[in-house]
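Q: Sequence first, predicted model second:
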Amino acid sequence: MTELTSLDLAALLASRICHDLISPVGAVINGLEVLDEDEDGDMRDVALDLIRKSARTASARLQFARLAFGFAGSAGASVDLSDAERVAKAYVGSERAQLDWMVPVGYAPKDRVKLALTLVALSQQAIPRGGNLVLRCDDAGLASFVLTATGPHARIPAGLAQLFAGETETPLDAHAAVGFYAGLLARGIGAAVTIDKDGDAVHFRAG
């Protein structure tokens with residue numbers, strides 16, 4: 001088993017966040033360059049639309065990363081699930097999926113919210129052509145929940161179950177590190193994450 005230090009994991013997660021931001025930030029820069037070079041203003045509306053959409057995407061991904069991967073200085077804190085829902089839906093909305101958040105209103109422990117959001121990010125790998133995500137939980141504390149990803153050609157991402165269990169046979173890349181991180185979060189709160197497939201639906205179960 002490959003040893004992964006806390007510094008290695010931090011660096012990999014930072015790389016994942018940078019990867020998520022490069023595209024929309026680059027699009028903002030491209031839009032600004034078009035405005036600078038468009039002397040007649042013919043492309044002004046197109047460029048401004050690109051800048052607006054890309055800035056919204058970058059903001060959504062930053063807010064998601066802050067809550068899912070950051071927030072480390074508030075040990076034992078609880079998170080308003082309405083805020084978590086808003087952040088998760090904005091993040092998913094910047095991809096090719098939509099999220100139904102079926103969780104009671106209230107507050108949940110920080111690390112349980114981080115686990116739920118991390119699984120939302122991972123679940124999109126199960127539906128490469130887009131689709132629908134549904135997060136179901138009977139209590140506001142997120143003690144246990146099921147996240148279902150449904151879409152054409154749904155699949156269980158290769159190696160993800162092993163990453164949840166903390167098994168790393170080969171060096172991790174920035175994408176695989178998120179699965180490993182989810183397993184760490186789950187074990188830290190005394191839970192486990194399992195994954196199974198039923199037709200075009202992949203279920204992530206935490207509890």
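A: Received, thanks.
Q: Just say helix, strand or coil for His203.
A: Secondary structure, DSSP: H, G, I helix; E, B strand; the rest coil: His203 is strand.
Q: can you give me the mean pLDDT across the helix or strand containing Leu32?
A: Taking DSSP states H and E as the definition, one finds Leu32 inside helix 6-37. Mean per-residue pLDDT for helix 6-37: 94.
Q: Can you report how many residues lie near Glu196?
A: Wrong residue type there; residue 196 is Asp, not Glu. By the criterion of other CB atoms under 10 Å, Asp196 has 11 neighbours. Where you see a C-beta, it was placed from the backbone N, CA and C, and this is true even at glycine.
Q: Report pLDDT for the closest residue in space to it that isn't next to it in sequence.
A: Using CB to CB, 6 or more residues apart in numbering and skipping residues adjacent in sequence, the residue nearest Asp196 is His203, 5.4 Å away. Note for His203: predicted pLDDT of 98.
Q: State whether His203 and Phe145 are indeed in contact, as I suppose.
A: No - using CB atoms under 8 Å, His203 is not in contact with Phe145; the gap is 10.8 Å.
Q: okay, these two: which has more neighbours?
A: Between His203 and Phe145, Phe145 has the larger neighbour count (other CB under 10 Å), namely 23 against 19.
Q: Contacts only, for that one.
A: Contact analysis of Phe145 by CB atoms under 8 Å, 6 or more residues apart in numbering lists 103, 116, 135-137, 205-207.
Q: Okay, it and Phe204: tell me how far apart.
A: From Phe145 over to Phe204 the distance is 9 Å, taken as CB to CB, to the nearest Å.
Q: Same check on Leu119?
A: Distance of Leu119 to Phe204, given as CB to CB: 5 Å.
Q: Common neighbours of the two, please.
A: 147, 193.
Q: Not counting sequence-adjacent ones, nearest residue to Gln98?
A: Closest residue to Gln98 apart from its sequence neighbours, by CB to CB, 6+ apart: Asn132 at 5.8 Å.
Q: counting contacts, what elements does the helix or strand containing the one you found pack onto?
A: For Asn132, the element it lies in under DSSP H and E is strand 131-136. Where contact means 3 or more CB pairs under 8 Å, 6 or more residues apart in numbering; DSSP states H and E, strand 131-136 is packed against strand 97-102, helix 110-123, strand 145-150.
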